[in-house]
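Engineer: Sharing a model prediction with you, sequence too.
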Amino acid sequence: MYIKQVLGAAALLAVLGTAMLGCRQETSRWEAADKATRGAQDAVSEQAVAGSVFNQFFPKQEGEYDLVFKQEKQGFAQASLQQDSKELAVLSVMDTRSNPAARDKYSNAAESIAGYPLVEAGERTHALLVADRFQVQIQSVDPAFGASSRRDWLVKFNLAGIAEIE
Amino acid sequence: MAQSIYKLVDDLPAKSMTTRMLGALDWVVPGEWKNIVGFENTIRAVTGETDQTRIQRIGERAIHLFNDKSQGYQSAIWLYQTVDSVQKLGGMAAFTNKLSTSFGFLKFLGRITPKSDTTQAVDFGIKTVTEIVAFCKINGIPGDSVGQFVESLADYRHEALMRMAALISVDGLLPLGPEFLDKTLSLLDKTGAGALEGNAAFQKIRSMIPGGNTADQMKFIQKGVGETKNWMGSFVQKHGLTPDKIVSNLRGKISGLDGKLDYVAAVIDMSTNYYEHTGVQSVARSLISRAAAEI
């Protein structure tokens, strides 16, 4: 009888405990990053070049491919590569002065294109670091636009031109 | 202090009156809009990433970019939210005005509330311009770049294209009829700056609308509607949009939408916030897509 009561009480406590856990609001995985940058004015470096400088170095339109420019912010320019209005990939150039940590991944790069270190960053992305400063990246939108297409199109950027940006 | 971007995206409802209304418009732009809710889900959907370390980095960079007001994303969200919440009052005015013409004893209301067509025309103009200004903020181009906006409409996709489909359908065709574009332009011309001064949404967002005074800002709104007219007109033609078709699809998804078309429009106006809902989704998409290129 006594054991039954103890077990009953334990079960009740377990139920209450679970219920209370359920009520407690979980801390979001994003909360710390949000708190650390509230009211920030430093997401982009003042030393980063204007995004408009990058536009001329993007691949030129050719054949059935279209290049549609999207965001252009300080230190960043982005364009959408399309074929018959279907989006294949997102092309971008970024001045890593705004986020120097982006350069870290190149330190162990095993491959290179035109002498610049190349990394496969994530499942759909290839990126080059030009002149130790500019990240030239292609991210596939259409899974059919695979790793070899990304390499082919990275070469179509005017990499030498990007390397000469002051 | 601005809201947190991750919370805004996490708090988007999976189901609401707004999502049902947008779902009822899916036939206009099939498959373009998926109701992606949740910050992590949005990162996955936009970038195709599954690696948790990269998802975390992309999210953190996106949060940093959003929190820096100079990057324009906060202003874009604020515009979408504000024009939607304040225009609900506009919907109320349209409704009250309709009541005043139906019931004699409320006739006096007709004198103090704007004609519903004028309210709708001004609201339509303000929503169009809100889209232009938010587009410019998101993409980093000068706020008065109407031409660039019009060119890029051809490349509108996903929730942004759905937002335009809804604007044309429930804020254009339903309340103002098949000639809503010409009607809006002529009503804006007729009412002039005075109607803007009396518009609550305009009062809230006027500092963001290009133009040194109300008359100039009205000109900018007229220019915005005027220059998007061709694209919107061909959108209506291409998709065979008519008020009857729209309302019958809406009635199939949402119960209680009885009565005349302009009443339906007023009820939708008061009970949905599609500009805010899809606006948050659009800003999150641009922000995340940039963050993924900056880590």
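Structural biologist: Great, that's in hand. Numbers count the residues shown, from 1 in each chain, chains lettered A, B, ... in the order given.
Engineer: now the strands for chain A?
Structural biologist: Taking DSSP state E, the strands of chain A run over residues A:65-73, A:76-83, A:86-95, A:111-113, A:116-120, A:125-130, A:134-140.
Engineer: got a pLDDT number for A:L13?
Structural biologist: pLDDT, A:L13: 52.
Engineer: and if you look at A:A121?
Structural biologist: The model's pLDDT for A:A121 equals 88.
Engineer: Tell me if I'm right that it and B:R57 touch.
Structural biologist: No - with contact defined as C-beta atoms under 8 Å, A:A121 and B:R57 do not form a contacting pair (9.9 Å). For every residue, glycine as well, the C-beta is placed using N, CA and C.
Engineer: just for the stretch 1-150 of chain B, where's the confidence low?
Structural biologist: Within the stretch 1-150 of chain B, the ranges that satisfy pLDDT under 70 run B:1, B:87-115.
Engineer: same check, this time on chain A
Structural biologist: Applying pLDDT under 70 to chain A picks out residues A:1-25.
Engineer: okay, now the domains of it?
Structural biologist: Residue ranges of the domains in chain A are recorded as A:2-37, A:52-163, according to automatic domain parsing.
Engineer: Please name whichever of those domains is nearest to B:M270.
Structural biologist: domain A:2-37 (31.5 Å; C-beta to C-beta).
Engineer: Quick one: the domains of chain A as CSV, columns for distance to B:T214 and mean neighbour count too.
Structural biologist: Written out in CSV, the entries for the domains of chain A read as follows (distance: least, C-beta to C-beta, whole Å; neighbours: other C-beta atoms under 10 Å in any protein chain shown):
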stretch, distance to B:T214, mean neighbour count
domain A:2-37, 37, 11
domain A:52-163, 31, 18
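Engineer: Format the ones you listed as a markdown table; extra columns: distance to B:I221.
Structural biologist: Output for the domains of chain A, formatted as a markdown table (distance: least, C-beta to C-beta, whole Å):
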| stretch | distance to B:I221 |
| --- | --- |
| domain A:2-37 | 35 |
| domain A:52-163 | 25 |
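Engineer: Distance to chain B added to those domains, as a markdown table?
Structural biologist: Listed next are those as a markdown table, based on distance: least, C-beta to the nearest C-beta, whole Å:
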| stretch | distance to chain B |
| --- | --- |
| domain A:2-37 | 4 |
| domain A:52-163 | 4 |
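Engineer: who wins for proximity to B:I295 among those?
Structural biologist: Across the domains of chain A, B:I295 has its closest neighbour in domain A:52-163 (5.7 Å, C-beta to C-beta).
Engineer: Near chain A, which residues of the stretch 51-200 of chain B? Just list them.
Structural biologist: Within the stretch 51-200 of chain B, the positions adjacent to chain A are B:51, B:54, B:56, B:59-61, B:63-65, B:67-72, B:138-141, B:152, B:155, B:157 by C-beta under 8 Å from any C-beta of the partner chain.
Engineer: Residue of the stretch 51-200 of chain B nearest chain A, please.
Structural biologist: In the stretch 51-200 of chain B, the residue found nearest to chain A is B:D68; the distance is 3.6 Å by C-beta to the nearest C-beta.
Engineer: How much space separates the closest residue to that residue other than its chain neighbours from B:G252?
Structural biologist: Counting by C-beta to C-beta, 6 or more residues apart in numbering or on different chains, the nearest residue to B:D68 once its immediate chain neighbours are dropped is A:A43, at 3.6 Å. Distance of A:A43 to B:G252, given as C-beta to C-beta, to the nearest Å: 45 Å.
Engineer: Surely B:A265 is within a strand?
Structural biologist: No - going by DSSP: H, G, I helix; E, B strand; the rest coil, the assignment for B:A265 is helix, not a strand.
Engineer: just to revisit the earlier point, identify the contacts common to A:A121 and B:R57.
Structural biologist: Among the neighbours of A:A121, those also in contact with B:R57 (C-beta atoms under 8 Å, 6 or more residues apart in numbering or on different chains) are B:I295.
Engineer: follow-up on the earlier one: B:H277: which of the domains of chain A is closest?
Structural biologist: Between B:H277 and the domains of chain A, the shortest gap by C-beta to C-beta is with domain A:2-37, which sits at 20.2 Å.
Engineer: ok so, going back, tell me, how many neighbours does the residue nearest to B:D68 end up with?
Structural biologist: 25 (other C-beta atoms under 10 Å in any protein chain shown).
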